[in-house]
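In: let's see this in three dimensions:
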Amino acid sequence: VQLQASGGGLVQAGGSLRLSCAASGFTFDDYAIGWFRQAPGKEREGVSCISSLHSSTYYSDSVKGRFRIDRDNPKNTVYLQMNSLKPEDTAVYFCHAEEVVGTTVNDYWGQGTLVTVSS
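Out: Numbering: from 1, shown residues only. Below you'll find the model as predicted:
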């Protein structure tokens with residue numbers, strides 16, 4: 001099982017980045033995929049997620065209207081388009097896959113990708 005996050009980098013405030021989360025080793029279509037981030041000295045927080053069925057989406061208040069999550073099931077990939085980036089978006093971004101079957105939760109974490117937004 002592998003979740004490979006990529007696309008991070010250094011960008012100026014107001015700029016854009018697109019993160020990718022490529023999955024392998026499990027049935028991607030059955031899993032909700034989420035993006036989390038962790039800034040230095042802070043706890044990990046949820047940013048956005050997209051469901052397995054119907055591709056319902058969720059955004060935290062801090063990114064709503066600026067970020068967009070999409071999934072491409074044939075490519076086993078989820079994207080996070082980040083626009084109008086702010087310095088407070090600086091963090092390591094992680095993708096997470098979760099499947100709930102009855103009372104069983106199967107989940108996987110990817111390694112992070114660093115996003116740095118300069119002011």
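In: so where do the helices sit in the chain?
Out: For the chain, no helices turn up when DSSP state H is the criterion.
In: where do the strands sit along it?
Out: Counting by DSSP state E, the chain has strands at residues 2-6, 9-12, 17-24, 32-38, 45-50, 57-59, 67-72, 77-82, 91-101, 104-109, 113-118.
In: so what does the fourth one touch, helix or strand wise?
Out: Read that as strand 32-38. strand 17-24, strand 45-50, strand 67-72, strand 77-82, strand 91-101 (3 or more CB pairs under 8 Å, 6 or more residues apart in numbering; DSSP states H and E). From N, CA and C alone the C-beta is placed, and that goes for glycine too.
In: one more: the shortest one?
Out: If contacts are counted by 3+ CB pairs under 8 Å, 6+ apart, strand 57-59 sits against strand 45-50, strand 67-72.
In: export those to a markdown table and tack on distance to residue 3, mean pLDDT and mean neighbour count?
Out: Formatted as a markdown table, these follow (distance: least, CB to CB, whole Å; pLDDT from 0 to 100; neighbours: other CB atoms under 10 Å):
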| stretch | distance to residue 3 | mean pLDDT | mean neighbour count |
| --- | --- | --- | --- |
| strand 45-50 | 13 | 98 | 19 |
| strand 67-72 | 13 | 96 | 18 |
